[in-house]
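Enquirer: With the input below, show me the fold.
(one chain, ligands or ions: 3)
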Amino acid sequence: MRDVVILGSTGSIGTQALEVIGDRRELFRVVGLAAGGSNIKLLARQVLDFAPAVVGVSRASAVQDLQLALYAEVSRRGWNKGEVTLPKIVAGPAAPNELAGMACDVVLNGITGSAGLPATLTTLAQGTTLALANKESLVIGGALVTGAAADGQIVAVDSEHSAIAQCLRGGRAEEVDRLIVTASGGPFRGMTRDQMADVTPEQALAHPTWNMGRVITTNSATLVNKGLEVLEAHLLYGIDLDRIDVVVHPQSMIHSMVQFTDGSTLAQCSPPDMKLPIALGLSWPDRLADVSRPVDWSRANTWTFEPLDNEAFPAVDLIRRAGATGGTAPAVLNAANEECVDAFHEGRIGFTRIIDIVTEVVDQHLGEELADSQPQAGRRDGVEDGSDVGSRWTSSSDLTVEAVLESDGWARRRAAELCRS
Ligand SMILES: NC(=O)C1=CN([C@@H]2O[C@H](COP(=O)(O)OP(=O)(O)OC[C@H]3O[C@@H](n4cnc5c(N)ncnc54)[C@H](OP(=O)(O)O)[C@@H]3O)[C@@H](O)[C@H]2O)C=CC1
Ligand SMILES: CC(=O)[C@@H](O)[C@H](O)COP(=O)(O)O
Ligand SMILES: [Mn+2]
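Expert: Residues are numbered from 1 along each chain as shown. Ligands and ions are numbered 1, 2, ... in the order given. Okay, the predicted model is just below:
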């Protein structure tokens with residue numbers, strides 16, 4: 001029996017994790033659930049279905065709503081109030097962090113965005129296995145996260161990284177030549193930048209193969225998701241960025257590959273279904289039975305591969321550049337992107353402005369010399385125009401949580417200004 005804490009339980013990853021667990025109650029016990037607080041009714045149903053000891057909501061004002069929703073749900077089910085033991089409720093922005101510190105076997109971090117960083121670090125400090133869907137925390141924390149993790153303590157839930165882990169299993173590090181990360185190409189594959197200028201949020205959310213939350217789906221459309229995944233693979237598996245390729249594979253059947261030094265390539269394939277990597281994340285290194293439908297080899301399948309169009313989708317190159325620079329650069333990039341994704345969905349900027357603004361914010365953070373040389377640590381930007389003095393690039397070796405959070409805050413403010421202009 002594994003005791004599990006699920007962070008982001010009301011989201012796409014969280015709800016699928018609870019489906020996996022719900023079908024295997026003899027293997028897993030949910031001891032903690034946490035969510036942001038925007039879907040209290042669902043959280044209340046999850047609490048009554050899984051009876052965790054503790055439930056966390058990041059929106060402090062949601063406590064009373066949750067209590068009311070719990071009582072309403074108890075009544076709706078016709079349960080006797082006196083016989084129901086309700087969990088301890090913790091509230092406020094630190095709630096996921098508190099749950100990550102609980103004694104348990106696995107914490108699944110399915111929070112979206114940079115808000116997942118404290119919980120990732122707390123889980124690792126606690127010595128608990130981290131099933132990691134929240135790629136942003138790894139990408140922005142960089143060496144802070146990898147340095148805090150023992151060997152094998154982070155188990156990738158992201159489909160590409162789970163695929164790579166499965167291909168690497170049992171092999172020797174020196175036999176690995178390259179990693180090949182597959183990308184669906186998103187809903188705008190084949191379009192030019194000009195053609196993408198007027199696409200709508202609805203179109204951006206129409207992912208061709210996966211059903212996911214709003215931020216990651218938008219990131220798949222801009223290819224920011226793939227850039228983050230290249231950095232994620234670099235940090236998880238210690239392979240240099242220039243030995244990680246991206247190939248567009250619109251069917252999302254092969255989830256990534258490892259090429260070995262003798263010329264052999266191993267690929268992991270299965271129809272697109274996140275339950276597979278989620279289940280592996282919860283049960284690693286063991287596989288659970290009957291998690292997902294396998295490939296149907298009795299019918300004709302056509303799987304295609306094409307190079308990424310870096311001109312139409314500059315995000316991967318930009319993120320490689322931020323990753324190679326390291327330090328606070330990935331945090332700035334990610335925060336500016338999160339801000340721009342919101343602005344796009346609120347109709348404040350067009351689709352192609354997302355990557356333009358993210359590029360501008362990263363360049364400002366690093367200084368104009370970024371294009372061809374190392375940025376200067378300690379440089380402050382925005383001073384000249386009086387807009388903001390909070391940007392200070394910190395190198396990977398000097399990185400602290402405070403520096404990451406400060407850069408994240410500055411990048412959000414700067415991106416918001418650019419979205420207004
Ligand atoms: N969905 C997928 O198939 C995949 C997702 N991922 C990664 O997994 C993570 C989650 O993605 P996804 O499930 O799609 O996202 P969703 O938007 O569907 O869900 C996000 C979850 O995080 C919660 N949340 C948001 N902010 C906070 C906060 N500050 N504190 C606590 N909880 C918070 C939300 O709560 P509430 O409902 O209350 O807002 C919700 O439960 C992302 O990092 C994504 O990149 C990776 C691979 C595949
Ligand atoms: C399911 C998953 O892991 C997502 O990260 C997915 O890969 C997104 O699809 P794209 O390849 O379009 O980014
Ligand atoms: Mn992925």
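Enquirer: Any idea how many residues pack against N225?
Expert: Close neighbours of N225, defined as other CB atoms under 10 Å, add up to 26. Every residue, glycine included, has its C-beta placed from N, CA and C.
Enquirer: And the pLDDT for N211?
Expert: pLDDT for N211: 97.
Enquirer: Repeat that for E368.
Expert: Predicted confidence (pLDDT) for E368: 48.
Enquirer: And for S396?
Expert: Value for S396, per-residue pLDDT: 89.
Enquirer: any idea how far V224 is from the closest residue to it other than its chain neighbours?
Expert: Excluding its sequence neighbours, the residue lying closest to S396 (CB to CB, 6 or more residues apart in numbering) is G326, at 4.0 Å. In this view, G326 and V224 are 18 Å apart by CB to CB, to the nearest Å.
Enquirer: L144 now?
Expert: For L144, the distance to V224 - CB to CB - is 21 Å.
Enquirer: More neighbours: these two, which one.
Expert: When L144 and V224 are compared for neighbours, V224 comes out ahead with 28 against 20, by other CB under 10 Å.
Enquirer: The more buried one: what's it in contact with?
Expert: Counting by CB atoms under 8 Å, 6 or more residues apart in numbering, V224 makes contact with T218, A315, I319, N337, I354, I355, V358.
Enquirer: Would you agree the last one is in contact with L318?
Expert: Yes: with contacts counted by CB atoms under 8 Å, V358 reaches L318, the gap being 7.0 Å.
Enquirer: Which one of the two is surrounded by more residues?
Expert: A direct count of neighbours by other CB under 10 Å for V358 and L318 places V358 higher, at 31 against 21.
Enquirer: Count the neighbours of the nearest residue to R2 once chain neighbours are set aside for me.
Expert: Counting by CB to CB, 6+ apart, R2 lies nearest to D105, which is 4.2 Å off, once chain neighbours are set aside. Neighbourhood size, D105 [other CB under 10 Å]: 15.
Enquirer: all strands in the protein, in order from the N-terminus.
Expert: Using DSSP state E, the strands of the chain run over 2-7, 28-35, 54-57, 88-91, 106-109, 129-132, 154-156, 176-183, 244-248, 254-260, 265-269, 380-381, 391-392.
Enquirer: which of the ones you listed has the lowest average pLDDT?
Expert: strand 380-381 - the lowest mean pLDDT of the strands of the chain, at a mean of 44.
Enquirer: For V4, give its distance to G227.
Expert: Distance from V4 to G227, by CB to CB: 30 Å.
Enquirer: nope, Y71 is what I was after
Expert: Using CB to CB, Y71 is found at 45 Å from G227.
Enquirer: ok, the two, which is more surrounded?
Expert: G227 (31 against 14).
Enquirer: how near is the more buried one to S220?
Expert: 11 Å.
Enquirer: quick one on the thing from earlier: the residue nearest to R2 is in contact with V5, isn't it?
Expert: No: under the criterion of CB under 8 Å, D105 makes no contact with V5, lying 9.2 Å away.
Enquirer: Enumerate the residues of this structure near ligand 3.
Expert: Within the chain, the positions lying close to ligand 3 (CB under 5 Å from the ion) are D158, S159, E160.
Enquirer: Leaving out sequence neighbours, find the closest residue to the second one.
Expert: Going back to what we said before, that points to S159. H255 (4.7 Å).
Enquirer: need the contact list for that neighbour.
Expert: Shown in contact with H255 (CB under 8 Å, 6+ apart): S159, E160, S162, A163, T182, Q268, C269, S270, P277.
Enquirer: Could you identify which of the residues you listed has the most neighbours?
Expert: That'd be P277 among these, by other CB under 10 Å, with 30 neighbours.
Enquirer: Let me see the contact set for the closest residue to ligand 3 within the stretch 51-200 of the chain.
Expert: The nearest approach of the stretch 51-200 of the chain to ligand 3 comes at D158, 4.2 Å away (CB to the ion). Residues counted as contacts of D158 (CB under 8 Å, 6+ apart) are L132, A133, K135, E229, E232, P277.
Enquirer: remind me which residues of the stretch 301-421 of the chain are low pLDDT?
Expert: Across the stretch 301-421 of the chain, the ranges flagged by pLDDT under 70 are 368-390.
Enquirer: Return the residues in contact with the residue in it that ligand 3 sits nearest to.
Expert: Closest contact between the stretch 301-421 of the chain and ligand 3, by CB to the ion, is at V316 (13.3 Å). Neighbouring residues of V316 by CB under 8 Å, 6+ apart: L223, K226, G227, V230, V246, L308, N310.
Enquirer: Please apply the same query to N225.
Expert: I216, N219.
Enquirer: What parts of the stretch 1-150 of the chain come near ligand 2?
Expert: Within the stretch 1-150 of the chain, no position lies close to ligand 2 (CB under 6 Å from any ligand atom).
Enquirer: Do you know the pLDDT at the residue of the stretch 1-150 of the chain found nearest ligand 1?
Expert: Ligand 1 sits closest to G11 of the stretch 1-150 of the chain, with a gap of 1.9 Å, by CB to the nearest ligand atom. According to the prediction, G11 has pLDDT 98.
Enquirer: so how many other residues sit close to the residue nearest to K88 when sequence neighbours are not counted?
Expert: Leaving aside its chain neighbours, K88 sits nearest to V54 (4.9 Å; criterion: CB to CB, 6+ apart). V54 has 17 neighbours, counted by other CB under 10 Å.
Enquirer: next one: G238
Expert: 10.
Enquirer: Okay, buried residues for stretch 194-204 please.
Expert: Neighbour counts over stretch 194-204 (16 or more other CB atoms under 10 Å) mark M196, V199, P201, A204 as buried.
Enquirer: In contact with the second one, which residues?
Expert: When the contact criterion is CB under 8 Å, 6+ apart, the partners of V199 are F188, A221, F351.
Enquirer: where's it relative to ligand 2, distance?
Expert: 15 Å (CB to the nearest ligand atom, to the nearest Å).
Enquirer: Pop out the phi and psi values for that residue.
Expert: phi -70, psi 150 (degrees, to the nearest 10).
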